[in-house]
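Asks: Please find the sequence and the predicted model below.
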Amino acid sequence: MKNSTYLLFLFILLVHSQCQPPNPPEVKEKTASENVERPAYTIVIHGGAGSVSPGNTDAAREKMYTDTLNYALNIGEEILKNGGSALDAVEATIVFMENCSLFNSGKGAVFTHDGTNELDASVMNGKDQTAGAVGGVKTIKNPIKAARAVMEKSPHVLLTREGAEEFARDNGLETVDNSYFFTQNNYDYLQKILEKEKKKMQGSLDFTHPDWKYGTVGCAALDKNGNLAAGTSTGGMTNKRWSRIGDSPIIGAGTYADNATCAVSSTGHGEFFIRYAVAYDIAARMMYGEAAFQDAANEVINKKLVEKGGAGGIIGVDKYGNVAMPFNTAGMFRGYAKPDERVVKMFPDAHYGE
């Protein structure tokens, strides 16, 4: 009798436990950037920030740039649509922009004080924070490819000048004579700057000169697996001297990616982006301060950087597929694509009636 009573008691407990609703899941308050469903993919690009403005361009030139930006987006978006990685999309998109003389990277690189072209690039994988970069190279046709090779085929992050070029050759990357990067417009612009310096009898660079152009290309992407990546490539500043290297090959300044937060590529006056670790600062505000991506990006570019005297902007995407493209210059070539959504712009939103 005692055994049957005990068994009945166990049966009642079992039935009771299975009829009870499970403990409700812990509800976490969502941030602004979590209040949207993550798209299958997102890609965002820039072609440099600086002196481009409605007053110094025309409709034909604006169309040429916007068409080229759209084509660049097509390249990366096609990879992402087909399930390719964010890293592959970033590299392929930047390769196209390096091969296009409209932008200050690769073929369109600006000239140094000595009349040569010196190139910088970096790439970062948000999945594991591996990164690679090259700086001050003169013969690597596509520096972004070299940056990825450094990341994947060397124990280092940043290689420069002759050593980086030797590494590129050893790994089968295409090299060219430095004359490959010559473009007449950029060479003429260097002569204009040199003439102004001569008239002013300047013995050193004037980084506050109103004609300084901040050119760079960059791309950030989120793929279908939720992985982020970012890359940046540039010819640097016109009239740079003494093997100057800017922020583009500096991880945390010109490029940063972390699956936990965002992927960012910078463009602007590189010295300021290095000093204030702009790309990383945005990610850190998200990680430690729980700021939304747009808020963090705007705070760094349009407040902190402005207060410090820095000019430029960033493009990026966070882990939810949200895009940020703030800049504090007259204009910035920029655009992004998601499934069924695309935007390409050059000027501030006010110019477009928004």
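Replies: That came through fine.
Asks: And stretch 47-66, end to end?
Replies: This stretch, stretch 47-66, spans 10 Å end to end (Cα to Cα, to the nearest Å).
Asks: Let me see the residues that make contact with it.
Replies: Under the criterion Cβ atoms under 8 Å, 6 or more residues apart in numbering, residues 68-69, 72, 97, 102-104, 211-217, 267-268, 311-313, 327, 329-335, 344-347, 351 lie in contact with stretch 47-66. C-beta here means a position set from N, CA and C on the backbone, and glycine is covered the same way.
Asks: Quick check: ChimeraX command selecting the buried ones in the residues you listed.
Replies: A single ChimeraX command selects the buried members of the contacts of stretch 47-66 (16 or more other Cβ atoms under 10 Å):
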select :68,69,72,97,102,103,104,212,213,214,215,216,217,267,268,311,312,313,327,329,330,331,332,333,334,335,344,345,346,347
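Asks: could you pull out the strands for the stretch 1-150 of the chain?
Replies: 42-50, 119-125, 131-137 (DSSP state E, counting those that start in this stretch).
Asks: Name every strand pairing with the first one and say which way it goes.
Replies: Strand 42-50 pairs in its sheet with strand 217-222 (antiparallel), strand 331-338 (antiparallel), by DSSP bridges.
Asks: Could you check how far it is from the centre of its chain?
Replies: With Cα atoms, centre = their mean, to the nearest Å as the basis, strand 42-50 stands 7 Å off its chain's centre.
Asks: Quick one: mean pLDDT for that strand?
Replies: The pLDDT scores in strand 42-50 average 94.
Asks: re the thing from before, quick one: closest of the strands paired with strand 42-50 to E37.
Replies: strand 331-338 (11.2 Å; Cβ to Cβ).
Asks: who's in contact with the closest residue to A109 other than its chain neighbours?
Replies: Excluding its sequence neighbours, the residue lying closest to A109 (Cβ to Cβ, 6 or more residues apart in numbering) is G235, at 2.6 Å. By Cβ under 8 Å, 6+ apart, G235 lies in contact with 104-106, 108-110, 117-120, 181, 186, 215.
Asks: ok, now with 7 Å
Replies: 104-105, 108-110, 117, 119, 215 (Cβ atoms under 7 Å, 6 or more residues apart in numbering).
Asks: do you know how far it is from I301?
Replies: Separation of G235 from I301 (Cβ to Cβ, to the nearest Å) stands at 22 Å.
Asks: from memory N302 sits against F327, does it?
Replies: No: contact criterion Cβ atoms under 7 Å: N302 and F327 do not qualify, at 8.3 Å.
Asks: Quick check: neighbours shared by those two?
Replies: Counting by Cβ under 7 Å, 6+ apart, nothing touches both N302 and F327.
Asks: Give me the distance from stretch 147-154 to the chain's centre.
Replies: Its chain's C-alpha centre and that of stretch 147-154 lie 18 Å apart, by Cα atoms, centre = their mean.
Asks: Run through who's touching that stretch.
Replies: Contacts with stretch 147-154, where a contact means Cβ under 7 Å, 6+ apart, come from 91, 121-123, 130-134, 156, 159, 167-168, 171, 173, 231.
Asks: Please repeat the previous calculation with a cut-off of 8 Å.
Replies: By Cβ under 8 Å, 6+ apart, stretch 147-154 touches 87, 91, 121-125, 130-134, 156-159, 164, 167-168, 171, 173, 231, 233, 249.
Asks: same question, stretch 76-83
Replies: By Cβ under 8 Å, 6+ apart, stretch 76-83 touches 40-41, 43, 45, 85-86, 88-90, 92-93, 219, 221, 223-224, 337, 339.
Asks: Can you select the buried ones from these in ChimeraX?
Replies: A single ChimeraX command selects the buried members of the contacts of stretch 76-83 (16+ other Cβ under 10 Å):
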select :41,43,45,85,86,88,89,90,92,93,219,221,223,224,337
